[in-house]
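A.B. asks: Provide a 3D model corresponding to the input given below.
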Amino acid sequence: MSVELKQYEDKMNKTLDSLSGEYTTIRAGRANPHVLDKITVDYYGTQSNLQSVANISVSEARTLVIQPWEASLIKEIEKAIMTSDLGLTPNNDGKAIRLTFPELTEERRKELVKDVRKKGENAKVAIRNIRRDANDAIKKEQKANEISEDEEKTLQDDIQKLTDTYIKKVDGMVEDKSKEIMTV
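C.D. replies: Numbers count the residues shown, from 1 in each chain. Below you'll find the model as predicted:
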């Protein structure tokens with residue numbers, strides 16, 4: 001059999017990794033340095049990740065401290081945070097920037113859970129698309145008489161089992177993140 005299920009499993013794993021990465025950037029009321037992962041700063045004409053131009057630490061449960069390697073970057077970092085979709089206001093003391101995460105309202109928590117579910121649904125769609133690609137490859141091979149109908153059926157059953165496993169994993173991730181957000 002020349003259709004390798006491993007390559008499709010790898011793609012499904014990448015989908016889970018991507019979802020996990022998206023979930024780390026959703027703030028759940030506690031300070032998490034990963035919420036800043038998508039923020040870039042103009043560093044001498046080059047867009048650079050915030051982590052590469054500053055030290056980011058959690059000082060208290062709901063406060064992040066950003067200390068730029070160069071003091072001249074404070075204004076740039078402040079501007080980048082203000083224009084991001086984080087909804088946080090940076091406090092600048094001249095040496096460092098403090099980001100205080102407010103307690104999430106019930107309404108905001110529900111909005112975040114909707115977003116978590118939407119991202120989970122997108123991941124499921126991606127996994128189903130991978131299954132479709134695998135099934136198309138299997139059908140092509142069967143049409144070209146490279147595999148028998150029995151082998152085709154077995155491979156399709158295997159890819160379906162793989163799909164079901166990954167859909168369950170996505171559901172688990174959605175459930176866990178939703179619980180984390182709704183915990184006051």
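A.B. asks: how's the chain carved up into domains?
C.D. replies: Structurally, the chain divides into domains by automatic domain parsing as follows: 5-24+105-182, 33-100.
A.B. asks: what mean pLDDT does the shortest one have?
C.D. replies: This means domain 33-100. For domain 33-100, the mean pLDDT works out to 84.
A.B. asks: who touches stretch 95-107?
C.D. replies: By CB atoms under 8 Å, 6 or more residues apart in numbering, the residues outside stretch 95-107 that reach it are 27-31, 59, 62-68, 71, 74, 77-78, 81, 88, 90-91, 112, 181, 184. C-beta coordinates here come from the backbone N, C-alpha and C atoms, glycine included.
A.B. asks: adding mean neighbour count as columns, could you present the domains of the chain in a markdown table?
C.D. replies: Output for the domains of the chain, formatted as a markdown table (neighbours: other CB atoms under 10 Å):
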| stretch | mean neighbour count |
| --- | --- |
| domain 5-24+105-182 | 16 |
| domain 33-100 | 15 |
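A.B. asks: so which of the contacts of stretch 95-107 belong to helices?
C.D. replies: Among those, the ones falling in helices (DSSP state H) are 74, 77, 78, 81, 112, 181.
A.B. asks: could the residues you listed go into CSV alongside distance to residue 171?
C.D. replies: Below are the ones in helices among the contacts of stretch 95-107 laid out as CSV (distance: CB to CB, whole Å):
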residue, distance to residue 171
74, 43
77, 37
78, 39
81, 33
112, 18
181, 16
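A.B. asks: looking at the residues you listed, which two lie furthest apart in space?
C.D. replies: Farthest-apart pair in these is 74 and 181; separation 31.0 Å (CB to CB).
A.B. asks: what about the most far-flung residue of the chain relative to its centre, distance to residue 123?
C.D. replies: Relative to the C-alpha centroid of the chain, counting by CA atoms, centre = their mean, residue 145 is the outermost residue, at 40.8 Å. According to CB to CB, to the nearest Å, residue 145 and residue 123 sit 36 Å apart.
A.B. asks: what strand or helix carries the residue nearest to the spatial centre of the chain?
C.D. replies: The centre of the chain sits closest to residue 22, judged by CA atoms, centre = their mean, with a distance of 1.7 Å. Here residue 22, judged by DSSP states H and E, is contained in helix 5-24.
A.B. asks: can you give me the strands for this structure?
C.D. replies: 40-43, 46-49, 54-60, 63-68, 90-92, 97-100 (DSSP state E).
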